[in-house]
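In: Need a 3D model of the following:
(one chain, ligands or ions: 1)
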Amino acid sequence: MRRELSRAAFQKACGLFPGGVNSPVRAFKSVGGDPFVVASGSGARLRDLDGNEYIDYVLSWGPLALGHAHPEVRAAVNAALDRGWSYGALCEGELRLAERVRALVPTMEMMRFVSSGTEAVMGALRLARAATGRDLIVKCDGGYHGHSDGLLVSAGSGLATLGVSSSAGVPAAVAATSVVIPINDAAALERAFANHPGRIAAFILEPVVGNVGLIPPDPGYLEAVRGLCTRHGALLVFDEVLCGFRVALGGAQALYQVKPDITVLGKVIGGGFPVGAYGGARTLMERIAPLGPVYQAGTLSGNPVAMAAGLKTLEILEQGAFARALASAEELERGLCGLLEKNSVSACVQRVGTILTLFFCQGPVRNYADAARADRERYARLHRRMLEAGVYLPPSQFEAAFVSSAHGAGEIAITLEALARSLAAL
Ligand SMILES: Cc1ncc(COP(=O)(O)O)c(C=O)c1O
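Out: Numbering: from 1, shown residues only. Model (predicted):
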């Protein structure tokens, strides 16, 4: 596969952007090799500058639940563009998307639209702190909730100790407002409450973890943390930025029937355009400005083009596209498990809805420590082989793969053939 044009463009990019990219994982650091440079996307496929095509399991890191450039979404976006593309004033598109979201995620009685998942989480946690009058936030080791200061904390902290940042540039005092516990460990949350009595404002978690690779909640775990938060007067925040509209149309809260106090959304809700949202009960959300004292604003919040893309995406998902994507994801999982068995590969596949991860270690992977035992070098080799075969898997063992409704039987068959050859060669 020739990639001269991609290589030249990436070299130029390295002089313009740190690492040649505008978001770190795009640089392929953990799998090696130069990233390809995209010329266009259509359906389940990306095409690079050299004309190579790849079946895409990254899908813009999740948002493209219908695949690239879905014609109906494009038509909705074009129609929105014809009406102007930013008003800085309330528009009908915001109402329509909010009503659709609330129909699917009824715990979001009232919501606020922002422009990214990071922003939505920041708003949600400010609200939680204001509502409880407490400062500390509990998060999970390996849970990713965007790049705001207090949440770039995942390592170096035991259960009882306060967080230490895993990024430079985060004030120690800010990092110390986060308490880190392992994923799928309700007893650790209970100890956190005991160690910091009356000080914890919220527990934020990805109810289905996607940022360590895909990790489902243990049976009973979400119910247990729900109960603990209620008992200790803290808010339960489900960050469904990644798993919303992907593990089920109503997100993890619909799938597992556990209600958070605040839900955070992003990715699919914008159909590939920049949108985030946070929401909860009206009484809670009325604390947000201009009704209440919690300030949060955004120049491009509720952007009409993004609203139109998100609304059309949700409508199409509800009309059968989610079911099609789910069937393809199941087919991929089945085929992949068969190949692992056939080749006696020590690995496990974890999937919820349309998100899945192949971990090169014995399963189940229940938390970050389990995932850290996976053979990352082996994953990197698989990634490079699959790319050569025209299949773009996530460029890190710790990033989940996404399936869209554009991934039909043909794409899954090609993917499984490439996997069969690559796994045999590994
Ligand atoms: C669970 C979760 N929360 C928040 C974010 C941050 O969203 P954004 O990248 O839109 O700021 C992400 C991004 O991957 C995410 O996966």
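In: which residues in the stretch 301-426 of the chain form strands?
Out: 348-352, 355-359, 391-392, 401-402 (DSSP state E, counting those that start in this stretch).
In: how about the ones you listed in a markdown table, adding distance to the ligand, mean pLDDT and mean neighbour count?
Out: Backbone N, C-alpha and C define where each C-beta goes, glycine included. Formatted as a markdown table, those follow (distance: least, CB to the nearest ligand atom, whole Å; pLDDT from 0 to 100; neighbours: other CB atoms under 10 Å):
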| stretch | distance to the ligand | mean pLDDT | mean neighbour count |
| --- | --- | --- | --- |
| strand 348-352 | 14 | 98 | 21 |
| strand 355-359 | 11 | 98 | 24 |
| strand 391-392 | 17 | 98 | 22 |
| strand 401-402 | 11 | 98 | 28 |
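In: Name the next helix or strand following the helix or strand Arg96 falls within along the chain.
Out: Per DSSP states H and E, Arg96 falls inside helix 92-104. Toward the C-terminus, helix 92-104 is succeeded by strand 110-114 as the next helix or strand (DSSP H and E).
In: Now render the strands of the stretch 301-426 of the chain as TSV, adding distance to Leu59.
Out: Below are the strands of the stretch 301-426 of the chain laid out as TSV (distance: least, CB to CB, whole Å):
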stretch	distance to Leu59
strand 348-352	15
strand 355-359	10
strand 391-392	9
strand 401-402	4
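In: For Asn52, find the nearest of those.
Out: strand 391-392 (10.1 Å; CB to CB).
In: That closest one pairs with which strands?
Out: Using DSSP bridges, the strands paired with strand 391-392 in its sheet are strand 53-56 (parallel).
In: could you pull out the helices for the stretch 151-300 of the chain?
Out: 172-175, 186-195, 221-231, 251-256, 282-285 (DSSP state H, counting those that start in this stretch).
In: Show me what residue of the stretch 51-200 of the chain gets nearest to the ligand.
Out: The ligand sits closest to Gly117 of the stretch 51-200 of the chain, with a gap of 2.3 Å, by CB to the nearest ligand atom.
In: so where's this structure uncertain?
Out: Applying pLDDT under 70 to the chain picks out residues 155-164.
In: hmm, back to that, tell me the most buried of the helices of the stretch 151-300 of the chain?
Out: Mean neighbours per residue, mean count of other CB atoms under 10 Å, is largest over the helices of the stretch 151-300 of the chain for helix 251-256, with a mean of 23.
In: Figure out how far that helix is from the centre of its chain.
Out: 15 Å (CA atoms, centre = their mean, to the nearest Å).
In: Same check on stretch 132-152?
Out: Relative to its chain's centre, stretch 132-152 lies at 16 Å (CA atoms, centre = their mean).
In: That stretch: which residues count as buried?
Out: 132, 134, 136-147, 149-152 (16 or more other CB atoms under 10 Å).
In: Same check on stretch 196-206?
Out: Going by neighbour count (16+ other CB under 10 Å), the buried part of stretch 196-206 is 196, 199-206.
In: next one: stretch 391-405
Out: Those would be 391-405, for stretch 391-405 by 16+ other CB under 10 Å.
In: and if you look at stretch 415-426?
Out: Buried, per 16+ other CB under 10 Å, within stretch 415-426: 415-416, 418-420, 422-423.
In: With stretch 82-91 instead?
Out: Cys91.
In: now it, how far from the chain's geometric center?
Out: Offset of stretch 82-91 from its chain centre (CA atoms, centre = their mean): 28 Å.
In: Repeat that for stretch 74-90.
Out: 26 Å.
In: With stretch 303-312 instead?
Out: That offset, for stretch 303-312, works out to 19 Å (CA atoms, centre = their mean).
In: any idea which helix or strand carries Phe10?
Out: Secondary structure (DSSP H and E) places Phe10 in helix 4-16.
In: Would you mark the buried spots in that helix?
Out: Those would be 5-7, 9-10, 13, for helix 4-16 by 16+ other CB under 10 Å.
In: Quick check: residues of the stretch 1-150 of the chain near the ligand?
Out: Residues of the stretch 1-150 of the chain lying close to the ligand (CB under 6 Å from any ligand atom) are 61, 116-118, 121, 144-146.
In: Report the two of those residues separated the most.
Out: Maximum distance among those (CB to CB): 15.5 Å, for Trp61 and Val121.
In: neighbour-wise, which of these two wins?
Out: Between Trp61 and Val121, counted using other CB atoms under 10 Å, Val121 has the larger neighbour count: 28 against 17.
In: Correct me if wrong: the more buried one contacts Leu265.
Out: No: assessed by CB atoms under 8 Å, Val121 is found out of contact with Leu265, at 10.3 Å.
In: hey, what's in contact with both of these two?
Out: Contact criterion CB atoms under 8 Å, 6 or more residues apart in numbering; residues bridging Val121 and Leu265 by contacting each: 241, 276, 278.
In: Now do the same contact list for the second one.
Out: So the one you mean is Gly276. With CB under 8 Å, 6+ apart, Gly276 has these contacts: 113-121, 241, 264-266, 269-270.
In: Now it. Nearest residue, chain neighbours left out?
Out: Ala120 (3.4 Å; CB to CB, 6 or more residues apart in numbering).
In: ok, the nearest residue to Glu240 once chain neighbours are set aside to the ligand distance?
Out: Nearest residue to Glu240, sequence neighbours excluded (CB to CB, 6+ apart): Gly251, at 4.4 Å. Using CB to the nearest ligand atom, to the nearest Å, Gly251 is found at 11 Å from the ligand.
In: got the buried residues for stretch 287-296?
Out: 287-288, 294, 296.
In: what does it contact?
Out: Contacts of stretch 287-296 (CB under 8 Å, 6+ apart): 112, 114, 122-123, 126-127, 130-131, 286, 297.
In: ok, and the closest non-adjacent residue to Glu4?
Out: Glu4 sits nearest to Asp50 (CB to CB, 6+ apart), 6.4 Å away.
In: Against Phe10, how distant is that neighbour?
Out: 12 Å (CB to CB, to the nearest Å).
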